[in-house]
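> Okay, here's the prediction I keep looking at, along with the sequence it came from:
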Amino acid sequence: MMSRPIQKRILVTGGCGYIGSHTLVSLLDPSNATNSGVEYSVVVVDSLANSSNESLRRVADISSLQNFTIRQDGSAGQDDNERLVFRKVDCCDKAAFQSVFEEFAPRGGFHAAVHFAGLKAVGESKLVPLLYYRDNIQSTLTLLELMEQYGCRSIVFSSSATVYGVAKDETAKLKETDEVGVTITNCYGRTKYMIEQILGDFHSSHPLLRNEGKEDAKDWSITILRYFNPVGAHPSGKMGEDPHGVPNNLMPFVAQVAVGRRQHVAVFGNDYATPDGTGIRDYLHVMDLAEGHVAALRYMDPDKSKNDKSGLGKLNVFNLGTGTGYSVLDMVRAMGKACGKEIPYVIGPRRPGDVTIYMADPSKAKNDMGWEAKRNLDDMCNDLWNWQTNNPNGYGASD
């Protein structure tokens, strides 16, 4: 007779966004119970500043949850079994955020947190830097303080490859040991770098506190995930990236051109030292990325087999990418293949700060966490096209 899976509740900040919502699907997947003996439930905290709670309805549908409903005022929602719970809260509002911890403390609190919440538009961050520094850093500090207060000491942080800045050798794949923080070109990337430093300082403080006689200073398990260029959508076509206004990233823009919402793709520079002259990046299917977050939680899990590699009590840093690079024109043509028509593009001048090649070395994630990307470029584009054609205006009825 099979034993019942261990129940674990995960706090997910920013869980209504693109990567967060897809990670919810991976956390709620029944295969977790089958493969690792764990059944996750999730509590999503999101201010909805740049996302929609409609994504949660889609998560509930895909995950076959019973009677997931959101209150009429949009402030909260959940299904019958509380596998997926939503609370509309700004993570910078400590009193409101603490009320979520208070609500679940009598029921065992949270096993771990996955921290997505934050502003993420690179271009916008240059225009309103104080907003980015306040929102991204303050939300993290508030989260860490509350987690410590309520005894939840395991976190996965959604970082970014932008922390590497401009690589000294653009042809080399970036490793976790490479220099970070020095040549970052935007405020968004600097907030990610600063948060990584905060997490490192916080992690190292607990052994020091114990040396000072504070025996209740328990070690934290922290995993920082630096990911490259997430693209694609859930294969059902029910979930995907829904940027507000003009997309900041290449592939949502390409998809909107393909569906007729925009006239052409702007290609910034075709004089780079690459086969077709356009910049090369490491693109990663969002479902592979989502599964990377589940792998990170397992990696830090105290219930893991002692024979497995473990990140328990450690500060861990991983690149999540494919290690394969595609140029801008490769991506445009691949999307054209997925939608069955040529996608118009216009070559323009280079953008300041853009680099020739930006690719991950993801071998550490495979060796330590057992995670590697499984989906290919066709999967990325086919799933993105499926989402875009089924939801030409994203989660809303209109722009």
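Structure received. Numbers count the residues shown, from 1 in each chain.
> hey, let's count contacts and neighbours off CA atoms from now on
OK.
> pLDDT (mean, whole number) over the biggest helix by length in the chain?
Secondary structure of the chain read by DSSP state H shows that its longest helix is helix 187-211. Helix 187-211 shows a mean pLDDT of 96.
> So what's the residue count around S3?
For S3, the neighbour count with other C-alpha atoms under 10 Å is 6.
> Then I19?
By other C-alpha under 10 Å, neighbour count at I19 equals 22.
> And the contacts of the helix or strand harbouring it?
Using DSSP states H and E, I19 maps to helix 18-28. With contact meaning C-alpha atoms under 8 Å, 6 or more residues apart in numbering, helix 18-28 is reached by 12-15, 39-42, 51, 55-56, 59, 62-63, 83, 116, 234, 239-242, 286-287, 289-291, 293-294.
> State the next helix or strand along the chain beyond the longest helix of the chain.
strand 221-227.
> Let me know the angle separating that next one from helix 187-211.
160 degrees (axes from the mean of the first three to the mean of the last three C-alpha atoms, to 10 degrees).
> helices or strands next to strand 221-227 in the packing?
With contacts taken as 3 or more C-alpha pairs under 8 Å, 6 or more residues apart in numbering; DSSP states H and E, strand 221-227 sits against strand 154-160, helix 187-211, helix 286-299, strand 315-320.
> Can you lay out these as TSV showing mean neighbour count?
Formatted as TSV, those follow (neighbours: other C-alpha atoms under 10 Å):
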stretch	mean neighbour count
strand 154-160	23
helix 187-211	18
helix 286-299	23
strand 315-320	24
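> hang on, the earlier thing: make a ChimeraX selection of the buried ones in the contacts of helix 18-28.
Entered in ChimeraX, the line below selects the buried ones among the contacts of helix 18-28, by 16 or more other C-alpha atoms under 10 Å:
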select :12,13,14,15,39,40,41,42,51,55,56,59,62,63,83,116,234,239,240,241,242,286,287,289,290,291,293,294
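> ok, back up a step: for the helix holding I19, give the mean pLDDT please.
Regarding helix 18-28, the rounded mean pLDDT is 98.
> Need the mean per-residue confidence for stretch 102-117.
Here the average pLDDT along stretch 102-117 is 98.
> what does that stretch contact?
8-15, 19-20, 46, 91, 101, 136, 139-140, 150, 152-158, 293, 297.
> From the contacts of helix 18-28, which land in strands?
Among the contacts of helix 18-28, the residues falling in strands (DSSP state E) are 12-13, 39-42.
> Give me the residues contacting the helix or strand where P252 lies.
P252 belongs to helix 250-258 when assigned by DSSP H and E. For helix 250-258, the external contacting residues (C-alpha under 8 Å, 6+ apart) are 231, 241, 243, 246-247, 262-265, 328, 331-332, 335-336, 339, 341, 343-344, 384-385, 388, 392.
> hmm, back to that, so after the helix holding I19, what's the next helix or strand?
helix 31-36.
> hey, C-alpha coordinates of that following helix in PDB?
Output of helix 31-36 as PDB, limited to C-alpha atoms (Å, rounded to 0.1, in the frame of the first residue of the first chain):
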ATOM      1  CA  SER A  31       3.600  13.900 -10.500                       C
ATOM      2  CA  ASN A  32       5.200  15.500  -7.400                       C
ATOM      3  CA  ALA A  33       3.400  13.100  -5.200                       C
ATOM      4  CA  THR A  34       4.300  10.200  -7.400                       C
ATOM      5  CA  ASN A  35       7.900  11.000  -8.000                       C
ATOM      6  CA  SER A  36       9.000  12.500  -4.700                       C
END
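> Give the buried residues for it.
32-33.
> One more: stretch 156-174?
156-167, 173-174.
> pLDDT check: weakest of those?
Among these, A167 has the weakest pLDDT, 82.
> Could you list which residues are in contact with it?
174, 183 are the contacts of A167 under C-alpha under 8 Å, 6+ apart.
> Can you verify it is assigned to a strand?
No. A167 is assigned coil when assessed by DSSP: H, G, I helix; E, B strand; the rest coil, not a strand.
> and the gap between it and L199?
To L199, A167 is 23 Å away according to C-alpha to C-alpha, to the nearest Å.
> again with S310
19 Å.
> Next: V265.
38 Å.
> centre of the chain versus the helix holding I19, how much separation?
9 Å (C-alpha atoms, centre = their mean, to the nearest Å).
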